[in-house]
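Asker: could you look at this predicted model? Sequence included:
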Amino acid sequence: MASWDPAIYLRFADERSRPFFDLVARVGADDPTAVVDLGCGPGNLTAQLADRWPAAKVTGFDASEEMIEKASEHRSERVQFLLADLRDWRPTTPVDVIVSNATLQWVPRHRDLLPRLVGYLISGGWLAFQLPANFAEPSHLLLRELAADARFADATRAVEWPEVAEPADYLGDLAGLGCRAEVWETTYLHVLTGTDPVFDWISGTGARPVLQALPDDQRREFVTEYKSALRAAYPPRPYGTVLPYRRIFVVAQLAGART
């Protein structure tokens, strides 16, 4: 498993936070008392859930020790953070809201988890998750192509690649579980600045497992070539470098009144 660097991830905190707020805005829970964030990362957005729902106890879970350590800065009387893989998480009592932001794509066969997550909800509870869905874009295609090059393939062969289904698949899954679901997709046009801004973006997320799999000397060669390819694919404009970024949003409510 790759380790994660909160500082690199937070370099684009504003751009990364927009999908979270777009997701949570569609959750119709009025006064939840138990809210869970699966894959909470550095915790800055998890803390916002306590502001959204003042009566709620909010718990963030993440499998990265580095992320949980950073998230502890946002701990409060109503917000706590625990180290745990979301695949192992099992609440002792049903919860009102489960949120997962840009995490499930890293979980192989994550659609198989949906019945269990829905089963952890109270009657009328909410499940909301957002997934990056830009893996057919140059940023990721170039990454896979270079990782498969004979010079790097031995080191990167064991890397697990993120993947997602199509929006209609998630809609069908959740409808079949007795939920009323709203599913949509958005492509954000992030305007980035700097010399190699697309590399800076992806080095904190999608490219990180690949970069960590490479020995130091190979990593330097890989980064040099990858940066060059990204500059060609995403040429700078007078106002910045445009990174189109597609995301899938899913908000589902389990049928039934709250008990």
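Answerer: Perfect, thanks for sending it. Computed from a predicted structure; not experimentally measured. Numbers count the residues shown, from 1 in each chain.

Asker: and the strands in the stretch 101-250 of the chain?
Answerer: Along the stretch 101-250 of the chain, counting by DSSP state E, counting those that start in this stretch, strands occupy 121-132, 179-192, 241-254.

Asker: on contacts alone, who are the packing partners of the second one?
Answerer: Pointing back at strand 179-192 there. Taking 3 or more CB pairs under 8 Å, 6 or more residues apart in numbering; DSSP states H and E as contact, the helices and strands that strand 179-192 lies on are helix 13-24, helix 167-175, helix 197-203, strand 241-254. Where C-beta positions appear, they are placed from N, C-alpha and C, glycine not excepted.

Asker: what does that strand rub up against?
Answerer: For strand 179-192, contacts defined as CB atoms under 8 Å, 6 or more residues apart in numbering pick out 12, 15, 18-19, 22, 26, 118, 127, 133, 167-168, 170-171, 174-175, 198, 200-201, 239-255.

Asker: buried set for that strand?
Answerer: Buried residues in strand 179-192, defined by neighbour count with 16 or more other CB atoms under 10 Å: 179, 181-183, 190, 192.

Asker: tabulate these (JSON lines), appending pLDDT.
Answerer: Shown next, in JSON lines, are the buried residues of strand 179-192 (pLDDT from 0 to 100):
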{"residue": "179", "pLDDT": "98"}
{"residue": "181", "pLDDT": "97"}
{"residue": "182", "pLDDT": "98"}
{"residue": "183", "pLDDT": "98"}
{"residue": "190", "pLDDT": "95"}
{"residue": "192", "pLDDT": "94"}
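
Asker: which two of these have the greatest separation?
Answerer: 179 and 192 (36.1 Å; CB to CB).
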